[in-house]
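Colleague: need a structure here:
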Amino acid sequence: MPRRPRVVLPQIPLHLIQRGNNRQVCFVADEDYRFYLDWLKEFAVKAGCRIHAYVLMTNHVHLLVSADRGESPGQLMKTLGQRYVQYFNRSYRRSGSLWEGRYRSCLTQAEDYLLACQRYIELNPVRAGMVEHPADYRWSSYRANAQGEADVLVTPHEIYLALASTEASRQAAYRELFRSELEPGLLDQIRQASNGNFALGSPRFAEEVAAALGRRVTPGKSGRPRKLPEPASGDLF
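Modeller: Below you'll find the model as predicted:
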């Protein structure tokens, strides 16, 4: 059965998940995390991708990126994955695959879902019981987005920049978002979209993406598929 084409459009944020094969550990020592982040920055620039949020867990990675071209995220993950696997296998005297096949992803509506997706990513260590607060975890973008810590990897999205007019007030507004946990329904929505390679957003957003790509971008329903609407002139995603 052929693989479903990825749901990717230029400039539209994309949530990516790369997991270790059979949930195996992908990061052992501090230098592993550092090398991965250094190469992520290098290959993101080469591929034309901007990183808005990230977290490196022990056996998987979450990224929120925007790309110049539809093929850019795939190029990034391929080159990054190959480089890191070579390093990891050499360092730990192993061979074979490290990652679990293809990375998973979902196209994310910026206006209503980008900040929720950033919170989902940066709260991963808290949900996993590794830390009590996202600021306590070293290998994520939280300290850059919420506390202004220097991080050359992070490029703020315009939705984040619109939180306030100054850096200090913007960071304060962002920290305020973390006073409450993500609603269970929203958690499920993000997970379903990411695992299924669907669009994460409003019904209108999903319809516009489906029309632009010419295929379904939401979970299927029983019955005959309805005809996709033609994209209206000037529609924005």
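
Colleague: Just to check, Lys46 is in contact with Arg83?
Modeller: No. Using C-beta atoms under 8 Å, Lys46 is not in contact with Arg83; the gap is 11.5 Å. C-beta here means a position set from N, CA and C on the backbone, and glycine is covered the same way.

Colleague: The two: who's more crowded?
Modeller: Shown here are Lys46 and Arg83; by other C-beta atoms under 10 Å, Arg83 has more neighbours (16 against 12).

Colleague: And the residue nearest to Val28 when sequence neighbours are not counted, how far from Thr58?
Modeller: Counting by C-beta to C-beta, 6 or more residues apart in numbering, Val28 lies nearest to Tyr92, which is 6.9 Å off, once chain neighbours are set aside. Using C-beta to C-beta, to the nearest Å, we find Tyr92 at a distance of 14 Å from Thr58.

Colleague: The two: which is more packed in?
Modeller: More neighbours surround Thr58 than the other of Tyr92 and Thr58, with 17 against 12 (other C-beta under 10 Å).

Colleague: Dihedrals phi and psi, the more buried one?
Modeller: Per-residue torsions, Thr58: phi -70, psi -30 (degrees, to the nearest 10).

Colleague: For it, list the residues it contacts.
Modeller: 25-27 (C-beta atoms under 8 Å, 6 or more residues apart in numbering).

Colleague: Filter the residues you listed down to the ones in helices?
Modeller: Counting by DSSP state H, no part of the contacts of Thr58 is found in helices.

Colleague: Highest neighbour count among those residues?
Modeller: Cys26 leads the contacts of Thr58 on contacts (other C-beta under 10 Å) with 24 neighbours.

Colleague: That residue and Leu98 touch, don't they?
Modeller: Yes. Taking contacts as C-beta under 8 Å, Cys26 lies within contact range of Leu98: 6.1 Å.

Colleague: Need the overlap of contacts for those two.
Modeller: 20, 88.

Colleague: Which of the three states applies to Arg204?
Modeller: Secondary structure for Arg204, judged by DSSP: H, G, I helix; E, B strand; the rest coil, is helix.

Colleague: chain center to stretch 134-154: distance?
Modeller: 15 Å (C-alpha atoms, centre = their mean, to the nearest Å).

Colleague: Between the two ends of it, what distance do you get?
Modeller: 16 Å (C-alpha to C-alpha, to the nearest Å).

Colleague: Can you point out the buried residues in that stretch?
Modeller: Within stretch 134-154, the residues scored as buried using 16 or more other C-beta atoms under 10 Å are 134-135, 137, 139-146, 151, 153-154.

Colleague: Same question for stretch 189-207.
Modeller: Buried residues in stretch 189-207 (16+ other C-beta under 10 Å): 189-190, 193-194, 196-201, 205-207.

Colleague: for that stretch, what is the average pLDDT?
Modeller: Average pLDDT, stretch 189-207: 94.

Colleague: sorry, back to before: name the nearest of the buried residues of stretch 134-154 relative to Asn21.
Modeller: Trp139 (20.0 Å; C-beta to C-beta).
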